[in-house]
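**Student:** Kindly generate the corresponding structure for this input.
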Amino acid sequence: MSLYAELRFPAAPEPGAPVLVLLHGRGADEHDLLSLTPSLPAGLLVVAPRAPFEAGPWGYGAGYAWYRYLGGTEPEPDSFARSQRALEGFLDGIDTLLPVARGPLLLGGFSQGGTMSLGFALTHPGRASGVVNLSGFLPDHPTVRVTAETVAGTRFFWGHGSVDPNIPMAAAEAGWAALRGAGAELVAKSYRMGHTISPQELADASAWIDAGRDGTR
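**Tutor:** As a prediction, this is how the structure comes out:
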């Protein structure tokens, strides 16, 4: 499966600029998170791919989805694995989409997109210098392991709503504990909100991205 993507670059992109790959949530599309771009650090190369599955057959609306959700922290194994492979292929060719030689690669997303970002980083150690997970969960999938080896070299930002009705705070706290237990470099924050992105969360994530600009991956 190949992935279509929307691109947002500065007017005068600089070689070595960080690339942020933004993955949307279920029932949305590649345009959904691009509205965040003005609030992100200047100079980022933002790439927003579209999930490979139509969301309608799974009851998620008119957009697209990365996997079928089974409940709790469990993605349906086959659709999750297929999207992970599609994302791997997309990232393998990402340099051909960029106007300049890139700097560090960051993965981020909301809900399913955050879950996908965590899953990819943990199954491909070292591919991403950072992960921005906004209201996703740590996927319970056979390929995803949280160990000292899989978290090494990757920074994690995880923001979550304390009253999220879709992915409860308890799921975030369990994910935080697993990452910390493996020695991950994690910034974990809760916000008084539901399943959404608050201005404060976005500001915190932007500051976190800016602080990691010296990454090399």
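**Student:** drop to CA atoms for contacts and neighbour counts, all remaining ones
**Tutor:** Fine.
**Student:** Just give me the longest helix of the protein.
**Tutor:** Ordering each helix of the chain by length in residues (DSSP state H) puts helix 77-92 first.
**Student:** hang on, isn't Ser129 packed against Phe157?
**Tutor:** No: counting by CA atoms under 8 Å, Phe157 is not a contact partner of Ser129; they are 11.4 Å apart.
**Student:** These two: which is more packed in?
**Tutor:** Each of Ser129 and Phe157 has its neighbours counted (other CA atoms under 10 Å); Ser129 has more, 24 against 19.
**Student:** any idea what sits nearest that one, other than its immediate chain neighbours?
**Tutor:** Nearest residue to Ser129 in three dimensions, chain neighbours excluded: Thr154, at 4.7 Å (CA to CA, 6 or more residues apart in numbering).
**Student:** okay, the helix or strand hosting Ala188 in CSV with CA atoms only?
**Tutor:** Following DSSP states H and E, one finds Ala188 within strand 185-191. Listed next in CSV are the C-alpha coordinates belonging to strand 185-191 (Å, rounded to 0.1, in the frame of the first residue of the first chain):
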residue,chain,number,x,y,z
GLU,A,185,13.3,9.8,27.7
LEU,A,186,9.7,10.8,28.2
VAL,A,187,7.8,14.0,28.8
ALA,A,188,4.3,13.0,29.9
LYS,A,189,1.5,15.6,30.6
SER,A,190,-2.2,15.4,31.3
TYR,A,191,-4.6,18.2,30.5
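**Student:** mind listing what the residue nearest to Ser129 touches?
**Tutor:** Neighbouring residues of Thr154 by CA atoms under 8 Å, 6 or more residues apart in numbering: Ala121, Pro125, Gly126, Ala128, Ser129, Gly130, Val131, Ala184, Glu185.
**Student:** now it: how far from Pro142?
**Tutor:** Distance from Thr154 to Pro142, counting by CA to CA, to the nearest Å: 21 Å.
**Student:** Look up how far Phe110 lies from Asp32.
**Tutor:** Asp32 sits 10 Å away from Phe110, going by CA to CA.
**Student:** Common neighbours of those two, please.
**Tutor:** His24.
**Student:** Compare the two (neighbour count), which wins?
**Tutor:** Taking neighbours as other CA under 10 Å, Asp32 and Phe110 compare with Phe110 leading, 27 against 16.
**Student:** you'd agree that one is up against Gly25?
**Tutor:** Yes: contact between Phe110 and Gly25 holds when scored by CA under 8 Å: they sit 5.4 Å apart.
**Student:** Gly89: how many residues sit nearby?
**Tutor:** Neighbours of Gly89 (other CA under 10 Å): 14.
**Student:** Leaving out the residues flanking it, which one is nearest to it?
**Tutor:** Ser2 (7.5 Å).
**Student:** Confirm that Val46 lies within a helix, as I assumed.
**Tutor:** No: counting by DSSP: H, G, I helix; E, B strand; the rest coil, Val46 falls outside a helix, being strand.
**Student:** gap between the two ends of stretch 46-58?
**Tutor:** Terminal residues of stretch 46-58 are spaced 29 Å apart (CA to CA).
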